[in-house]
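K.L.:
Provide a 3D model corresponding to the input given below.
(one chain, ligands or ions: 1)
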Amino acid sequence: MTSFPEFGEATTATEVADALSQQVKGKNVLLVGVSPNSLGEHMALSIARHSPSLLILASRAASKVNEVISTIHSIAPSAPIISMTLDLSSQSSIRSAAPKILLLAPKLDIVINNAAVNVPDYETTREGIEMHFGVNHIGLFLLTNLLLPSVLRAASSSPVPGSTRIVNMTSAGHRLSPIRFSDYNLLKKNGELVEEERPPRGLPKALLDPDVAYSPFVAYGQSKTGNILFSVSLTEALKERGVRSFSVHPGSIWTGLARNLDEQGQALIRATGKTWKSGDQGAATAIVAAFDPNLNDASDVYLADCQLAPAAEFATDSKFAERLWRLSEELVGEKFDLGEKR
Ligand SMILES: NC(=O)c1ccc[n+]([C@@H]2O[C@H](COP(=O)([O-])OP(=O)(O)OC[C@H]3O[C@@H](n4cnc5c(N)ncnc54)[C@H](OP(=O)(O)O)[C@@H]3O)[C@@H](O)[C@H]2O)c1
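P.N.:
Residues are numbered from 1 along each chain as shown. Sure, this is the predicted structure:
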């Protein structure tokens, strides 16, 4: 249960951060995926007002991060912010940024993995991984694991177990696809997949057609299922050492995320939003997940509209979380046995 049952879909990140000001104060925060008009900008703005010790803003375009920093400094001139450039579609870029972040922040209290792409055509990362899966899950899996020494240092010196957090931004769109363990690169047609890897029944016919191969919506959905399963694994492995991970559906917010989709794709996205939130409202649930001290139960994993909520079973099952962890290790060519870091 959260501290504020009255918070909901209309609550803003500004209001949440005001309420949790004491929890923000003095924290070292890394926010990945920050551009003007992104949810990352609104998260950064709300955090910066409450005296964090350090706010590292990482994204692929330095100019966009710097624009956000200027906006923040116009309202919180002394906020200690550092910008970091990294491209999640390149594992060498991630591997070169991680040591710099570890140096800047020997303790990382809060990591918010906000970055994501939503692209219409089939693309791959530098390593040949389907772009949604490669950026939205695999890139963030690699970065987060490389940063764990700083996260664990923060947790071991924190007086409040469970206040060290890794927040993975996901989406209600995770319901569009489980992880396709036999086809994570989405090369098969629906009809060639085993039942449990197909898009779930009840979705629009176009997504279920046995002859359909690549769908950007299914690809995005798979990556967002990965974000939730990653939180399941992180909390399971690190709960005894004071770390919690939550995944967050922010709601529907018209940001830059859909800018690459064609008209049909944009129309489909427009049709999914029952209620469209402002950016400040869209950032609110992530701030709850990052700072609410009442969120301390290791079995809690998914939030929406500022409260705990149910996610699809295929996105929360620890058996799938374990399989995804092993697949992710394979795809980054490194084992991260969290047990060994004790
Ligand atoms: N907006 C919604 O309605 C909605 C709904 C459900 C879930 N979400 C989730 O909320 C999160 C934030 O989305 P948003 O709406 O704020 O989208 P956004 O405006 O597109 O922001 C995404 C951020 O990630 C960055 N990014 C993209 N690819 C990257 C890469 N390869 N390396 C490093 N950074 C990269 C983007 O940089 P560039 O500006 O350079 O591309 C941008 O700063 C995402 O995880 C998304 O899946 C959003």
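K.L.:
send the alpha carbons of stretch 63-74 over as CSV?
P.N.:
Output in CSV follows, covering the C-alpha atoms of stretch 63-74 (Å, rounded to 0.1, in the frame of the first residue of the first chain):
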residue,chain,number,x,y,z
SER,A,63,21.6,19.0,-26.6
LYS,A,64,18.2,17.8,-25.4
VAL,A,65,19.5,17.0,-21.9
ASN,A,66,21.1,20.5,-21.7
GLU,A,67,17.9,22.1,-22.7
VAL,A,68,16.1,20.3,-19.9
ILE,A,69,18.9,21.4,-17.5
SER,A,70,18.4,25.0,-18.5
THR,A,71,14.6,24.7,-17.8
ILE,A,72,15.4,23.1,-14.4
HIS,A,73,17.9,25.8,-13.5
SER,A,74,15.4,28.5,-14.3
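K.L.:
Make 500 the starting number, not 1.
P.N.:
Got it, the first residue is 500 from now on, which makes the last one we talked about stretch 562-573.
K.L.:
How far does that stretch sit from its chain's centre?
P.N.:
Once both centres are worked out by Cα atoms, centre = their mean, to the nearest Å, stretch 562-573 turns out to sit 21 Å from its chain's centre.
K.L.:
do stretch 817-829 as well
P.N.:
Between the centre of stretch 817-829 and the centre of its host chain there is 17 Å, according to Cα atoms, centre = their mean.
K.L.:
Which stretches in the stretch 700-841 of the chain count as helices?
P.N.:
If DSSP state H, counting those that start in this stretch is used as the criterion, the helices of the stretch 700-841 of the chain fall at 704-707, 715-737, 762-771, 778-781, 783-790, 817-831.
K.L.:
closest one to residue 636 among those?
P.N.:
Taking Cβ to Cβ, helix 715-737 is the member of the helices of the stretch 700-841 of the chain nearest to residue 636, at 3.3 Å. Just so you know, the C-beta spots here come from the backbone N, C-alpha and C atoms, and that holds for glycine as well.
K.L.:
Can you name the residues of the protein sitting close to the ligand?
P.N.:
Within the chain, the positions lying close to the ligand (Cβ under 6 Å from any ligand atom) are 532-534, 537-539, 558-560, 563, 585-588, 613-616, 634, 668, 670, 748-749, 751-752, 754-756.
K.L.:
For ChimeraX, what selects the buried ones among those residues?
P.N.:
Taking 16 or more other Cβ atoms under 10 Å as the burial criterion, the selection of buried members of these in ChimeraX is written as:
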select :532,533,534,537,538,539,558,559,563,585,586,587,588,613,614,615,616,634,668,670,748,749,751,752,754,756
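K.L.:
which regions of this structure sit below the pLDDT cut-off?
P.N.:
Counting by pLDDT under 70, the chain contains low-confidence ranges at 765, 767, 769-772, 839-841.
K.L.:
The same query, at a cut-off of 80, please.
P.N.:
Residues of the chain meeting the criterion pLDDT under 80: 755, 757-773, 838-841.
K.L.:
Centroid-wise, who is the farthest residue in it?
P.N.:
Within the chain, the residue lying farthest from the chain centre (Cα atoms, centre = their mean) is residue 710, at 31.4 Å.
K.L.:
Contact partners for that one?
P.N.:
In this structure, residue 710 makes contact with 688, 689, 690, judged by Cβ atoms under 8 Å, 6 or more residues apart in numbering.
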